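Trainee: any chance you can model this:
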Amino acid sequence: QLQLVESGGGLVQPGGSLRLSCAASALTLESYAVGWFRQAPGKEREGVSCISRGGFNTYYVNSVKGRFTISRDNAKNTVYLQMNTLKPEDTALYYCAVARNTVQAMCVSATVDFWGQGTQVTVSS
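Mentor: As a prediction, the model looks like this:
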């Protein structure tokens, strides 16, 4: 059964860090661009960061540039999102997704082939 399973979310204080992981089963992540999206209550889902199949191209939404880093380990069939200097406005449900598309098209237009179930990130003191 095809699955994307996110992990690593939780409650963290402002300024703290979390690392999200997206592990795939019945799907080879190496064949896809992979992205992280988030949706806060009352807001639309937005593309946070996306990475190309080979990992050479990345996209970050302006609000996380310099704080978040996306990476992939194709041998482990896993993609990561390292989130540093977290802010309360980063609080959201974070989703992993895959697409046979460019990172720009994937992250900006949310053109996605398959979604994970999400992991909650809460930044609060």
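
Trainee: secondary structure element for the residue positioned nearest the centre of the chain?
Mentor: For the chain, the residue nearest the mean C-alpha position is residue 36 (2.0 Å; CA atoms, centre = their mean). In the assignment (DSSP states H and E), residue 36 maps to strand 33-39.

Trainee: next one: whichever helix or strand comes after that strand to chain centre, how far?
Mentor: Toward the C-terminus, strand 33-39 is succeeded by strand 46-51 as the next helix or strand (DSSP H and E). Offset of strand 46-51 from its chain centre (CA atoms, centre = their mean, to the nearest Å): 6 Å.

Trainee: can you list contacts of strand 46-51?
Mentor: 33-39, 57-61, 64, 68, 70-72, 79, 81, 94, 103-104, 106-108, 110 (CB atoms under 8 Å, 6 or more residues apart in numbering). (C-beta placed from N, C-alpha, C; glycine too.)

Trainee: much appreciated, bye for now.
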